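>>> Below are the sequence and a predicted model; questions follow.
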Amino acid sequence: MSKATETVLEIDLRALEHNYRYLRGRLRPETRFLGVVKAFAYGSESITIAKKLEALGADYLAVAYVKEGVVLRDAGIRTPILVLHPLPISFDEMIDRCLEPSLYSPKILEEFLDAAKRQVQTAYPVHIKFNTGLNRLGFVGNDVDYLAGQLNGRKEIKAVSILSHLAASEDLNENAFTRNQIEAFEKISLEIRKKLDAHPFRHLLNTSGIINHPEAQYDMVRSGIGLYGFGNDAKIDTQLRPVATLKTVISQIHTIAAGESIGYNRAFVTHSPRVTATLPIGHADGIGRQYGNSKAYVTIHGNKAPIVGNVCMDMIMVDITEINCKEGDEVIVFGGNHTAEQFAKGAATISYELLTGISQRVKRMILP
């Protein structure tokens, strides 16, 4: 890894490959694998990640919105791309780029069918989303007859898969709830398969589902956070490798007398003389104000340096009183032994939020 001379997010493709192979290794050989690359590939760099997953043999990719899929198609990605939350305003562009919608309501199904008719499509692939307990998006079991009536005999579209989403697969205390979701999906998927002319494949599991409920892997699984190095379980995290490392540098060092304040709103007042370092990264870069006032720390030469005072838009201040360092030295915000999950936990949030919030003004550096 290179030494940072500015704020940079390093993206380790070898770590991505390791995580992909680890997760694949927990599945049956014939189970298909979908890599989730929404939200700039969980805050990293979607085109680079998608190309690597395509080279590794991922069967599908997934994005949240059509514009994310358009970026990948325009970059030359040819792997099938599932759009998890399509909106009608983007249907024509979706069809133009051969992106596959997850259809989750009668309105969305009927509007997409109209778009497919306008564009004179034949057997355009669509995916049917069922709500089995997350209560976010999806048809319900009582919609099976409606769906069969809408899909059978249509030349414009073809249901290629049935999916649902687990709500608490990472929490073993919610195992009974997850089992109920699996059983509901099994019942619904069998019923609709009997009534459809097509024979769609099935997928339900997310990363934690792959780890905790492999018996329900069906025909394909979908992994997001696991690919980026986090398994929602401390034991699994030791088997995965974080893909992203956020680095910055020390801009200036200050010696602060006892009784002086640091930063906006005088949020931190020293009780004894302290030495602080100012770093060129702030809440505009994705390090929110909730991390200030010792809720999180960075590492300098392997030593912990807590954030002091409020996080500024473009800067944070850290306490380096006990650390031997100088201006221009490298700082690890998260990565390596100090993971994004650990950094996020200090502010009572999760790695997903931290990673996906890293601003696009932060330079991305790809490690082969």
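All right, it came through fine. Keep in mind it's a predicted model, so treat the numbers as computed, not measured. Residues are numbered from 1 along each chain as shown.
>>> which helix in this structure runs the most residues?
Longest helix in the chain, counting residues (DSSP state H): helix 175-195.
>>> which residue ranges form the strands in the stretch 201-350 of the chain?
Assigned by DSSP state E, counting those that start in this stretch, the stretch 201-350 of the chain shows strands spanning 201-203, 220-223, 244-249, 252-256, 261-262, 268-269, 274-279, 297-300, 303-308, 316-319, 330-334.
>>> Helices of this structure, residue ranges please.
Assigned by DSSP H, the helices in the chain fall at 13-24, 38-43, 46-56, 66-74, 91-96, 106-118, 144-151, 175-195, 207-212, 234-237, 340-345, 351-356.
>>> Just want the most central residue of this structure.
In the chain, the residue lying closest to the centroid (Cα atoms, centre = their mean) is Tyr42, at 3.7 Å.
>>> by contact count, what packs against the lowest-mean-pLDDT helix or strand in the chain?
Lowest mean confidence among the helices and strands of the chain (mean pLDDT, DSSP states H and E): helix 234-237, at a mean of 91. Judged by 3 or more Cβ pairs under 8 Å, 6 or more residues apart in numbering; DSSP states H and E, helix 234-237 is in contact with no other helix or strand. Bear in mind the C-beta positions are built from the backbone N, C-alpha and C, glycine included.
>>> for the strands of the stretch 201-350 of the chain, which one ends up most surrounded?
strand 316-319 (a mean of 26; mean count of other Cβ atoms under 10 Å).
>>> Neighbouring strands - and their directions - for that one?
Its sheet considered, strand 316-319 pairs with strand 274-279 (antiparallel), strand 303-308 (antiparallel) by DSSP bridges.
>>> Let me see the mean pLDDT of the last one.
Along strand 303-308, the predicted confidence averages to a pLDDT of 97.
>>> What of stretch 131-141?
Model confidence over stretch 131-141 averages 97 on the pLDDT scale.
>>> Next: stretch 183-193.
Confidence for stretch 183-193, expressed as mean pLDDT, is 97.
>>> can you pull the buried residues of it?
Of the residues in stretch 183-193, 184-185, 188-189, 192-193 count as buried by neighbour count, 16 or more other Cβ atoms under 10 Å.
>>> rewinding a little: the helices of the chain: which one's closest to Gly226?
In terms of Cβ to Cβ, the element of the helices of the chain nearest to Gly226 is helix 207-212, at 3.5 Å.
>>> From the contact counts, what lies against that closest one?
strand 220-223.
>>> and for the strand it packs on, what are the contacting residues?
If you take Cβ atoms under 8 Å, 6 or more residues apart in numbering as the criterion, strand 220-223 is touched by 23, 27, 31-36, 59-60, 62, 161, 163, 201-207, 209-210.
>>> Tell me the buried residues within those.
With burial judged by 16+ other Cβ under 10 Å, the buried subset of the contacts of strand 220-223 is 23, 27, 31-36, 60, 62, 161, 163, 201-207, 209-210.
>>> residues touching the nearest residue to Glu260 once chain neighbours are set aside, list them.
Leaving aside its sequence neighbours, Glu260 sits nearest to Thr270 (Cβ to Cβ, 6 or more residues apart in numbering; 5.6 Å). For Thr270, the contacting residues are 256-262, by Cβ under 8 Å, 6+ apart.
>>> between those residues, which is nearest Leu103?
Comparing the contacts of Thr270 against Leu103 with Cβ to Cβ places Ile262 closest, at 52.8 Å.
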